[in-house]
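K.L.:
coords please:
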Amino acid sequence: MKVYFIGAGPGAADLITLRGAAILGRVNMVLYAGSLVSKDMLVHCHADAEIIDTAQLDLEQQEACYRRALEQDIDVARLHSGDPAIYGATAEQMRRLDALAIDYEIIPGVSSFTAAAAAIKAELTKPEVSQTIILTRVSGRASAVPDSESIALLAEHRATMCIFLSGPHLNKIVADLRLHYPDDTPVALVYRATWPEEKSHQSTLGQLLAEIKNSDWNLTTMLLVGEALSDHVPSESRLYAKDYTHIFRVVKKQKTTTEE
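P.N.:
Below is the predicted model:
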């Protein structure tokens, strides 16, 4: 018996990994968070699999599912939105599995922050602009953010930031970001990237709140900010430059007139 923590990706059913989909197709029990994982993802499940929505279950009730699977000697797929390593609440599950001596494996997934970047056709890192991406969120009732990682402090770096679950906190987030980012810094809101109801809005920090109705952007909204989002940044990587040599592509030097 084994538990597979599988990253379901940002939402679209075809953005799960091939390995994750294959496991879903053969296990006998599937646990998924119905509040975060699209039901479309269940199309990959075996027709006879027991499918359990964990949105109504506490951790002990989920552990009971693992115990029952152990008694029946059946494998379990535990679907988490995005990638299980980011805001997945998987560590506490793994501790319980360790205590039960149940083997487990983690199958990574596509995170919603990369799906959000794709939705607005943006590269989050550009040479001499930003080579760092900060993934963060604001404190919630379930998961507190340490004071040392407040958005106001992280903004000092002026790196590209991806702020999860931004919707209900836009006024405070934008105010904190403006402490360090110029008002003309590009910013984007992306709601439910890759879901049928996906929507996005691009603006600048100084203009954003005047252009939107905050209530239109609820909890599962990603806020991206940083100069790297600008279409007008001329900086280019040297990786594909015509005269740039590296171990996989050696540029032959042209003979000078005197050498000829």
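K.L.:
ok, C45 touching I51?
P.N.:
Yes. Between C45 and I51 there is a contact at 6.1 Å, judged by CB atoms under 8 Å. Any C-beta I mention is one placed from the backbone N, CA and C, and that applies to glycine too.
K.L.:
who's in contact with A119?
P.N.:
190, 193-194, 198, 200 (CB atoms under 8 Å, 6 or more residues apart in numbering).
K.L.:
With K2 instead?
P.N.:
75-76, 102-105.
K.L.:
For it, give me phi and psi.
P.N.:
phi -150, psi 150 (degrees, to the nearest 10).
K.L.:
From R78, how far off is it?
P.N.:
In this view, K2 and R78 are 11 Å apart by CB to CB, to the nearest Å.
K.L.:
ranges for the strands of the stretch 51-200 of the chain?
P.N.:
Taking DSSP state E, counting those that start in this stretch, the strands of the stretch 51-200 of the chain run over residues 76-80, 103-107, 133-137, 160-164, 186-191, 199-204.
K.L.:
what bridges to the spatially closest residue to I51 that is not a sequence neighbour?
P.N.:
Among residues not flanking I51 along the chain, V30 sits closest, at 4.8 Å (CB to CB, 6 or more residues apart in numbering). According to DSSP bridges, the residues that bridge with V30 are I51, A77.
K.L.:
Pull the number of nearby residues for V30.
P.N.:
24 (other CB atoms under 10 Å).
K.L.:
For A85, see how far away it is.
P.N.:
20 Å.
K.L.:
Could you do P196 as well?
P.N.:
Counting by CB to CB, the gap from P196 to A85 is 26 Å.
K.L.:
Please apply the same query to C162.
P.N.:
15 Å.
K.L.:
just R96 next, same as before
P.N.:
Applying CB to CB to R96 and A85 gives a distance of 18 Å.
K.L.:
what stretches of the stretch 101-250 of the chain score poorly on pLDDT?
P.N.:
234, 238 (pLDDT under 70).
K.L.:
Recalculate using a threshold of 80.
P.N.:
139-143, 219, 232-250 (pLDDT under 80).
K.L.:
which residue ranges form the helices in it?
P.N.:
In the stretch 101-250 of the chain, the helices defined using DSSP state H, counting those that start in this stretch lie at 112-119, 151-154, 170-177, 208-211.
K.L.:
Now do the third one: everything it contacts.
P.N.:
So the one you mean is helix 170-177. Taking CB under 8 Å, 6+ apart as the rule, helix 170-177 contacts 138, 150-152, 155, 161, 163, 166, 185, 187, 189, 205, 208-209, 212, 214, 217, 223, 225.
K.L.:
ok now that helix, how far from the chain's centre?
P.N.:
21 Å (CA atoms, centre = their mean, to the nearest Å).
K.L.:
now that helix against strand 186-191, angle please.
P.N.:
150 degrees (axes from the mean of the first three to the mean of the last three CA atoms, to 10 degrees).
K.L.:
got the angle between helix 170-177 and strand 133-137?
P.N.:
Going by the same axes, to 10 degrees, helix 170-177 makes 140 degrees with strand 133-137.
K.L.:
ok, back up a step: mind checking which of P196 and A85 has more residues around it?
P.N.:
A85 (15 against 9).
K.L.:
you'd agree that one is up against M94?
P.N.:
No. Using CB under 8 Å, A85 is not in contact with M94, being 11.3 Å away.
K.L.:
For the residue nearest the centre of the chain, give me its contacts.
P.N.:
Centroid-nearest residue in the chain: S111, 2.6 Å away (criterion: CA atoms, centre = their mean). By CB under 8 Å, 6+ apart, the contact list for S111 reads 7, 10, 82-83, 86.
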